[in-house]
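Colleague: any chance you can model this:
(2 chains)
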Amino acid sequence: MATFVLLALFVCTTTGGEIAMTYGMKATGEPERLRPKQVLKFLGRAVSNGWFWVGIPLMASSFYLLLILLSWQPISFVIPASALSNVIGTLGAKYILKEEVDVARWAGVLLVCIGVALVSLDSIPVR
Amino acid sequence: MGRESRLRIKTLAMVLAMVVCANVGDLLLKRGMATIGAVQFTASGLANALRLTATNPIIWLAIFFLMGFMICYMTVLSWADYSYVMPASAISYAGVTLLAVIFLHESVSPRRWCGVALICIGVMLVGQTKPRTTEAAAPQKAVA
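Modeller: This is a model prediction of the structure:
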């Protein structure tokens, strides 16, 4: 039970954090060029955006929740279950960020979710 | 080369850099956490886990790679859709499987190959959509 509560919290904090981050980065605007100097300038602008500071604590919570989940359960359970956040994230992208999620993109997201679940059921050899 | 295909190549290259940093980081993280053991979900257990993770060099190396991931991630999201970047980055699962077969000579079950195939088709489907569907927002000065 505690695992599922933690998993739900993990999905919410991950999606919430990433959506806030996307919002902040879009408002920041892309670096003029992908050179270290311009990227550093971009990062400077990004961290002075309020949405960045909404995203960071959420993403940090999601990071610690993942650490706890991974210490409780095998990776072959944690990763397929967290693939759900792709679906929640796509809903967020469509309704909160107002991105155009057409049929091809939805189909892609669903295939990726099922694929991730199938792959991880065999435990990823990352040790 | 058209503007959209240049945007697509730039986006996919950034997603690749993201995926490499995230995979190396996660691998180190898993290894670091394995030396710490199961976290007790009590105040003292959490505090203890926090202390142990903060003093573990493998965890710090993992954090270094995850910061690289973060920079790539922030940069790519400054121009590309979240609903494009998120599924495209799932290509890492296919990459990890191929690496396991080529370098570790692991045997991969048919179920896992099916998963890899589905991920590849999914990523291709998402990959051919427009990387950016929203308008460039006006620079936000309010919180600057």
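Colleague: contacts, neighbours, all on C-alpha from now
Modeller: Fine.
Colleague: contact partners for A:Gly17?
Modeller: Listed by C-alpha atoms under 8 Å, 6 or more residues apart in numbering or on different chains, the contact partners of A:Gly17 are A:Val54, A:Gly55, A:Ile56, A:Pro57, A:Leu58, A:Met59.
Colleague: the same query, at a cut-off of 7 Å, please.
Modeller: Contacts were defined as C-alpha atoms under 7 Å, 6 or more residues apart in numbering or on different chains; by that measure A:Gly17 touches A:Gly55, A:Ile56, A:Leu58, A:Met59.
Colleague: what about the last one, is that helix, strand or coil?
Modeller: For A:Met59, the secondary structure call by DSSP: H, G, I helix; E, B strand; the rest coil comes out as helix.
Colleague: circling back to that earlier point, how about the contacts of A:Gly17 in CSV, adding pLDDT and distance to B:Ile91?
Modeller: Listed next are those as CSV, based on pLDDT from 0 to 100; distance: C-alpha to C-alpha, whole Å:
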residue, pLDDT, distance to B:Ile91
A:Gly55, 95, 24
A:Ile56, 94, 25
A:Leu58, 96, 25
A:Met59, 91, 21
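Colleague: quick check, nearest of these to A:Lys94?
Modeller: Relative to A:Lys94, the closest of the contacts of A:Gly17 is A:Gly55; by C-alpha to C-alpha it sits at 18.1 Å.
Colleague: related to what we said a few turns ago, could you dump the contacts of A:Gly17 to CSV with neighbour count and distance to B:Thr53?
Modeller: Formatted as CSV, the contacts of A:Gly17 follow (neighbours: other C-alpha atoms under 10 Å in any protein chain shown; distance: C-alpha to C-alpha, whole Å):
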residue, neighbour count, distance to B:Thr53
A:Gly55, 22, 22
A:Ile56, 16, 19
A:Leu58, 20, 19
A:Met59, 21, 17
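Colleague: name the nearest of these relative to B:Gly95.
Modeller: Of the contacts of A:Gly17, the one sitting nearest to B:Gly95 (C-alpha to C-alpha) turns out to be A:Met59, at 24.6 Å.
Colleague: leaving out chain neighbours, which residue sits closest to that closest one?
Modeller: The spatially closest residue to A:Met59, leaving aside those adjacent along the chain, is A:Gly17, at 5.1 Å (C-alpha to C-alpha, 6 or more residues apart in numbering or on different chains).
Colleague: now that neighbour. Its backbone dihedrals?
Modeller: phi -60, psi -40 (degrees, to the nearest 10).
Colleague: helices or strands next to the helix or strand bottoming out on mean pLDDT in chain A in the packing?
Modeller: Least confident helix or strand of chain A, by mean pLDDT, DSSP states H and E, is helix A:75-82 with a mean of 80. In terms of contacts (3 or more C-alpha pairs under 7 Å, 6 or more residues apart in numbering or on different chains; DSSP states H and E), helix A:75-82 is packed against helix A:103-121.
Colleague: dump the helix it packs on to CSV, restricted to CA.
Modeller: As requested, C-alpha coordinates have been extracted for helix A:103-121 and formatted as CSV (Å, rounded to 0.1, in the frame of the first residue of the first chain):
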residue,chain,number,x,y,z
VAL,A,103,-3.3,11.0,-33.1
ALA,A,104,0.2,10.1,-34.2
ARG,A,105,1.7,11.5,-31.0
TRP,A,106,-0.9,9.8,-28.7
ALA,A,107,-0.3,6.5,-30.5
GLY,A,108,3.4,7.0,-30.1
VAL,A,109,3.1,7.7,-26.4
LEU,A,110,0.9,4.7,-25.8
LEU,A,111,3.3,2.4,-27.7
VAL,A,112,6.2,3.7,-25.7
CYS,A,113,4.3,3.1,-22.4
ILE,A,114,3.5,-0.5,-23.3
GLY,A,115,7.0,-1.0,-24.7
VAL,A,116,8.6,0.4,-21.5
ALA,A,117,6.5,-1.9,-19.4
LEU,A,118,7.4,-5.0,-21.5
VAL,A,119,11.1,-4.2,-21.5
SER,A,120,11.3,-3.5,-17.8
LEU,A,121,9.3,-6.6,-16.8
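Colleague: and the angle from that helix to helix A:75-82?
Modeller: 160 degrees (axes from the mean of the first three to the mean of the last three C-alpha atoms, to 10 degrees).
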